[in-house]
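Visitor: structure for the following, please:
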Amino acid sequence: MASKRGKDDYSGVPQKKIRLKTDVDFPTFPERLLNKTTSSLYRIIAASDACYTLTALKICNCNAGDIEKGNLFSNAHCSVLPIAPAHVFGSVFEVGIDILLDYLHSEKIPRIRLMWDLLKMLVEYLSDTESQAVLENTAPNCGESDLAMLLTNHLFSLLAFVPDYKVNKDTMVTSCPCQIQECISKENHGDTSIGNEKVWHGRVDILFDDAVIVEPVHESVEESLENEHISETKWHVSFNKEHIIAETIVNSFLQKNLEPDEISLIPCIGVTKTDLIFYFYDSTFDVLLESLKVPILVGRVGHYKVNMDAILTSWLVINTRYLSNGLTEAMRAKKADFFAQTRSKLAVYQENLKIGGIGAPHQTRMSCVEVDNTDPIRQRNRKLFDIMKNECLNRNTSEVKYF
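Guide: Coordinates of the predicted model:
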């Protein structure tokens, strides 16, 4: 199994200060995977028909700035449109891409300890046939939630510099579907709530290092008509995109609050029954990105293999804090318009988000007690009152009641 390393292994010494004097402990790259790894890297960084891309999204309307109440992620509404053109997936991962390219091309190993460790984790996983076999044998029979848990234990945590994670026990399975005792006995359940009761908030399913969200993507096939004049029935796949977008945006603002000096491009990993899909939001530049789907397995029934593309993209995304260069200049110009959509609630996102201990949605009932005295109908009320007053006097009633 690939080794795991925590963030405190270096006694508090800043990572960029630690440099290696020897590469003796660095694992040997499996030669049989050189062509496959190179081809996969090409699909991540090259502009071709077969490449993976990131598309900027514009928010047309949403309830993130609801002035009357906060909304749970499950009740989030967020309508989006793509902004053309798309960008190559590797555009935001030049740091990680350069490290891997240098290693594949000239066997150059990073001198900075953090980068050395990150590359080592990837190379070890590529040789870790045991973990890959667990995915190949178990993933085809998993639903979205089970698969998210399986990938967390047998892919993401083995590639992450900080492998610690928490699971929402209310919505996620209580153990890894692999049925390996080491995974079944893990106690990773905890409070995964983020946000603020006045705005978008709620519990995410899996939270890595209190920073990266992993969320099952529940797809459904829906029937629709092209338009009212055509009888042809079309089918399309929908999923909880609004839910995931809301979590991604809130987490980006939260991470910026917690780590103001770190990169503000924050990812969320979506897991369908067969694919990975990545979302990113940058709360500094107000840019929202969506990736194409990346198949988790390739091959045919009974002969599945873990997709190299899924391994490389997962390594980059789970370590975005370290391997990303942030948005390109062209991306920064493609605003999501979240700032404009939230208006008076924007300050809550920017200053008052929290992690853990999130309660029920806050509600503010809006009402107006002052009445406009110039309303014409009030003159008729005056006449009605005079009639009632006269009627009371005629009955020798001293008390006048106001209706």
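Visitor: and the helices in the stretch 251-400 of the chain, which stretches?
Guide: Residue ranges of the helices in the stretch 251-400 of the chain, as given by DSSP state H, counting those that start in this stretch, are 308-318, 320-323, 329-332, 338-342, 346-351, 377-394.
Visitor: quick one: the ones you listed as JSON lines, columns for mean pLDDT, distance to residue 178 and mean neighbour count too.
Guide: Any C-beta I mention is one placed from the backbone N, CA and C, and that applies to glycine too. Listed next are the helices of the stretch 251-400 of the chain as JSON lines, based on pLDDT from 0 to 100; distance: least, Cβ to Cβ, whole Å; neighbours: other Cβ atoms under 10 Å:
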{"stretch": "helix 308-318", "mean pLDDT": "98", "distance to residue 178": "17", "mean neighbour count": "24"}
{"stretch": "helix 320-323", "mean pLDDT": "96", "distance to residue 178": "26", "mean neighbour count": "21"}
{"stretch": "helix 329-332", "mean pLDDT": "98", "distance to residue 178": "38", "mean neighbour count": "13"}
{"stretch": "helix 338-342", "mean pLDDT": "96", "distance to residue 178": "38", "mean neighbour count": "18"}
{"stretch": "helix 346-351", "mean pLDDT": "96", "distance to residue 178": "38", "mean neighbour count": "16"}
{"stretch": "helix 377-394", "mean pLDDT": "72", "distance to residue 178": "72", "mean neighbour count": "10"}
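Visitor: can these go into CSV with extra columns for distance to residue 134?
Guide: Shown next, in CSV, are the helices of the stretch 251-400 of the chain (distance: least, Cβ to Cβ, whole Å):
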stretch, distance to residue 134
helix 308-318, 14
helix 320-323, 25
helix 329-332, 36
helix 338-342, 39
helix 346-351, 39
helix 377-394, 74
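Visitor: I'd guessed residue 328 sits against residue 94; true?
Guide: No. Using Cβ atoms under 8 Å, residue 328 is not in contact with residue 94, being 9.1 Å away.
Visitor: beta-bridge partners for residue 200, please?
Guide: residue 71 (DSSP bridges).
Visitor: that one touches residue 70, doesn't it?
Guide: Yes. If you go by Cβ under 8 Å, residue 200 and residue 70 touch, sitting 7.1 Å apart.
Visitor: quick one, which of the two is more surrounded?
Guide: residue 200 (32 against 25; other Cβ atoms under 10 Å).
Visitor: which stretches of this structure have low pLDDT?
Guide: Scanning the chain for pLDDT under 70 picks out the ranges 1-24, 174, 184-186, 220-239, 363-369, 378-382, 393, 395-403.
Visitor: the helices of the stretch 251-400 of the chain: which one's closest to residue 75?
Guide: Among the helices of the stretch 251-400 of the chain, the nearest to residue 75 by Cβ to Cβ is helix 338-342 (15.9 Å).
Visitor: just the endpoints, please. Distance across stretch 64-82?
Guide: 19 Å (Cα to Cα, to the nearest Å).
Visitor: let me redo that: stretch 295-315
Guide: Note: stretch 295-315 ends 15 Å apart using Cα to Cα.
Visitor: please compute how far it lies from its chain's middle.
Guide: Mean-position distance between stretch 295-315 and its chain equals 21 Å (Cα atoms, centre = their mean, to the nearest Å).
Visitor: cool, stretch 74-94 as well?
Guide: Put simply, stretch 74-94 sits 11 Å off its chain's centre (Cα atoms, centre = their mean).
Visitor: tell me which of the helices of the stretch 251-400 of the chain lies nearest to residue 129.
Guide: Judged by Cβ to Cβ, the one of those that comes nearest to residue 129 is helix 308-318, at 12.5 Å.
Visitor: which helices and strands does the closest one pack with?
Guide: Packing contacts for helix 308-318, counted by 3 or more Cβ pairs under 8 Å, 6 or more residues apart in numbering; DSSP states H and E, involve helix 34-45, helix 94-106, helix 113-127, helix 157-159, strand 265-271, strand 275-282, strand 294-295.
Visitor: most neighbours per residue, which of these?
Guide: Of all the helices and strands packed on helix 308-318, strand 265-271 has the most neighbours on average by mean count of other Cβ atoms under 10 Å, namely a mean of 26.
Visitor: can you tell me what sits against that strand?
Guide: 92, 144, 147-148, 151, 156, 211-217, 239, 244, 247-248, 251-252, 255, 276-283, 314, 317-318, 320, 324, 326-327 (Cβ atoms under 8 Å, 6 or more residues apart in numbering).
Visitor: now the closest residue to residue 272 other than its chain neighbours: how far from residue 277?
Guide: Closest residue in space to residue 272, ignoring its immediate chain neighbours: residue 217 at 4.5 Å, by Cβ to Cβ, 6 or more residues apart in numbering. Distance, residue 217 to residue 277, using Cβ to Cβ, to the nearest Å: 6 Å.
Visitor: try residue 216
Guide: From residue 216 over to residue 277 the distance is 11 Å, taken as Cβ to Cβ.
Visitor: try residue 193
Guide: On the measure of Cβ to Cβ, residue 193 and residue 277 end up 23 Å apart.
Visitor: can I get the CA coordinates of stretch 262-278 in PDB?
Guide: Presented in PDB, the C-alpha positions along stretch 262-278 are these (Å, rounded to 0.1, in the frame of the first residue of the first chain):
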ATOM      1  CA  GLU A 262      -3.100  30.300   0.300                       C
ATOM      2  CA  ILE A 263      -4.500  29.800  -3.300                       C
ATOM      3  CA  SER A 264      -8.200  30.500  -3.400                       C
ATOM      4  CA  LEU A 265      -9.000  28.000  -6.200                       C
ATOM      5  CA  ILE A 266     -10.800  25.300  -4.200                       C
ATOM      6  CA  PRO A 267     -12.000  22.000  -5.700                       C
ATOM      7  CA  CYS A 268     -14.900  19.600  -5.100                       C
ATOM      8  CA  ILE A 269     -14.700  16.000  -6.400                       C
ATOM      9  CA  GLY A 270     -18.000  14.500  -7.600                       C
ATOM     10  CA  VAL A 271     -18.300  10.800  -7.900                       C
ATOM     11  CA  THR A 272     -20.900   9.200 -10.200                       C
ATOM     12  CA  LYS A 273     -21.400   5.400 -10.600                       C
ATOM     13  CA  THR A 274     -18.700   5.400 -13.300                       C
ATOM     14  CA  ASP A 275     -16.900   8.700 -13.500                       C
ATOM     15  CA  LEU A 276     -15.300  11.600 -11.600                       C
ATOM     16  CA  ILE A 277     -16.300  15.200 -12.200                       C
ATOM     17  CA  PHE A 278     -14.500  18.100 -10.700                       C
END
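Visitor: that'll do, ta.
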